[in-house]
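S.K.: Kindly return the folded structure for what I paste below:
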Amino acid sequence: MVPPTTSSIKPDPPERSIADSQVVMNEMVLPNDANVLGNVLGGHVMHLMDMCAAMAAMRHCRKVVVTASVDHLSFVHPVKVGELMILKASVNYADRTSMEVGVRIEAEQPLTGERRHTSSAYLTFVALDDEGRPTPVPKVVPTTDEDKRRYEAAKTRREDRLRRMKEEQSNRI
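M.R.: Next up, the predicted model:
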C-alpha cells in the first residue's frame, strides 16, 4: 500500500453541521444491567451516554476525544428489563478545542413500539492531538431552527460552566 502524499490528504473542514455528528445507538436492557427493581442501573445508563456522546464528538472532529464534564444528567423515567434503549447524540456547540454533545434516551416497549423519554444529558469533550494535548476542532454550523436553538442554549451552558469554574477556583485560594 502506498502512503498518501501530502497533496492527497484533505484538511479538516473549518466547520460541520450538527447532522454530521449524529449518532443513534440501540441497546436491549438485560437482567445483568438492572437493579433489584428490574430497572436499568443508572451507572449503565451513564456509560452508554458517554459512549454515544464520544462517538458523536469523534464524528464531528475526527480526532480522539476525552470526556471533560457531564451536565444536567436527568433520569426522567426508569427503563425496565426487556425494553429497548434508543440513544441519540449530536454535537450542539464547539469552541476552540471542546464540544458540547447532547444525549437523549428513549425507552421502547418492543412488543407495542410505545416510546417514552427516559433521560438526557449534556457532555463536554475535548479533542486531543497525537501527543495527548488539546487540539482545535471544527466549528458547528446550525442549519435548522432547532439546531440554532440548541446551539444558542449550548453556548449559554458553556458560559455558565466557565463562570462556575472561575468561581470554584477563586474559592480554593
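
S.K.: what is the rounded mean pLDDT of the longest strand along the chain?
M.R.: If you go by DSSP state E, the chain has its longest strand at strand 115-128. Strand 115-128 shows a mean pLDDT of 97.

S.K.: Look at V66 and give its secondary structure.
M.R.: Classification of V66 using DSSP: H, G, I helix; E, B strand; the rest coil returns strand.

S.K.: Roughly how far does it sit from D50?
M.R.: Counting by C-beta to C-beta, to the nearest Å, the gap from V66 to D50 is 10 Å. In this view, the C-beta of every residue, glycine as well, is placed from N, C-alpha and C.

S.K.: Give the buried residues for the helix or strand following the longest strand of the chain.
M.R.: Later in the chain than strand 115-128, the nearest helix or strand by DSSP states H and E is strand 139-141. For strand 139-141, burial by neighbour count (16 or more other C-beta atoms under 10 Å) applies to 140-141.

S.K.: contacting residues around strand 139-141?
M.R.: Contact with strand 139-141 is made by 14-18, 60, 91-94, 99, 151, as judged by C-beta atoms under 8 Å, 6 or more residues apart in numbering.

S.K.: Skip ahead from that strand and say which helix or strand is next.
M.R.: Using DSSP H and E, the next helix or strand after strand 139-141 towards the C-terminus is helix 145-172.

S.K.: Does A56 touch D20 like I think?
M.R.: No: counting by C-beta atoms under 8 Å, no contact exists between A56 and D20, whose distance comes to 9.5 Å.

S.K.: The two: which is more packed in?
M.R.: Comparing A56 with D20 by other C-beta atoms under 10 Å, the one with more neighbours is A56, at 27 against 16.

S.K.: tell me the contacts of the more buried one?
M.R.: 21-23, 89-91, 101 are the contacts of A56 under C-beta under 8 Å, 6+ apart.

S.K.: can we see that at 10 Å?
M.R.: 18, 20-24, 65, 87-92, 99, 101-103, 123, 125 (C-beta atoms under 10 Å, 6 or more residues apart in numbering).

S.K.: Stretch 123-136: which residues count as buried?
M.R.: In stretch 123-136, counting by 16+ other C-beta under 10 Å, buried: 123-128, 135.
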